[in-house]
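**Q** what shape does this take:
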Amino acid sequence: PAMLSSTQQFIDALEAKGIKYEINEPTQSGKDVMTVTYSGDRMPTIRCLFFFDEDCESVAIRVFDILKVPKERTAAIFLTVNALNSKFRFVKFCVHTEDSTVQAEMDASFRDHDVGEICRELLRRCVNICDEAYPDLMKALWT
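**A** Residues are numbered from 1 along each chain as shown. The predicted model follows:
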């Protein structure tokens, strides 16, 4: 099946820079899904999932399973996530209570121009922020 125009523009922008990506199965609701994975300086694997909406005017970016939170560290992690959310502007960190993991989230809206560049910039910001925040999350896990 054909990609949504927003997804295709992002693919074109990634390919222009030689950035590897994976196309995932679309969601039940018809969103295109892509994965771009980086190795950070602090966070070993930063796996960014892009969920492109069918209207081609928005994207949800998620980094799932940044870390698993043991019950006894939940309060410390909430405090750290709150501090990170105050520090960083473009990414919000969440404790996903169903599976006790921390994830990063970004959402953006756009129109039909510059989508590839916008998404590439969001990817860069997401990777950099996750990499910068990772030591604080690990510290909350262990201290």
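
**Q** make it CA atoms for all contacts and neighbour counts henceforth
**A** Fine.

**Q** just the CA coordinates of the host helix or strand of V81, formatted as PDB?
**A** Taking DSSP states H and E as the definition, V81 sits inside helix 74-87. Listed next in PDB are the C-alpha coordinates belonging to helix 74-87 (Å, rounded to 0.1, in the frame of the first residue of the first chain):
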ATOM      1  CA  THR A  74       8.200   4.500  41.500                       C
ATOM      2  CA  ALA A  75       8.100   7.700  43.600                       C
ATOM      3  CA  ALA A  76      11.800   8.600  42.800                       C
ATOM      4  CA  ILE A  77      11.100   8.100  39.100                       C
ATOM      5  CA  PHE A  78       8.000  10.300  39.200                       C
ATOM      6  CA  LEU A  79      10.000  13.100  40.800                       C
ATOM      7  CA  THR A  80      12.800  12.700  38.200                       C
ATOM      8  CA  VAL A  81      10.300  12.600  35.300                       C
ATOM      9  CA  ASN A  82       8.700  15.700  36.600                       C
ATOM     10  CA  ALA A  83      12.000  17.500  36.900                       C
ATOM     11  CA  LEU A  84      12.900  16.400  33.300                       C
ATOM     12  CA  ASN A  85       9.600  17.700  32.000                       C
ATOM     13  CA  SER A  86      10.400  21.100  33.600                       C
ATOM     14  CA  LYS A  87      13.900  21.100  32.100                       C
END
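
**Q** quick check: longest helix of the chain.
**A** Secondary structure of the chain per DSSP state H: the longest helix is helix 115-142.

**Q** which pLDDT value goes with D112?
**A** At D112, the model reports a pLDDT of 83.

**Q** name the SS class of it, please.
**A** When classified by DSSP: H, G, I helix; E, B strand; the rest coil, D112 comes out as coil.

**Q** need the contact list for it.
**A** 6, 56-57 (CA atoms under 8 Å, 6 or more residues apart in numbering).

**Q** picking up where we left off before, now do the buried residues in the helix holding V81.
**A** Buried residues in helix 74-87, counting neighbours by 16 or more other CA atoms under 10 Å, are found at 74, 76-78, 80-81, 84-85.

**Q** for the contacts of D112, which one is nearest I23?
**A** S6 (13.4 Å; CA to CA).

**Q** hang on, that closest one in a helix?
**A** Yes - counting by three-state DSSP, S6 is found in a helix.
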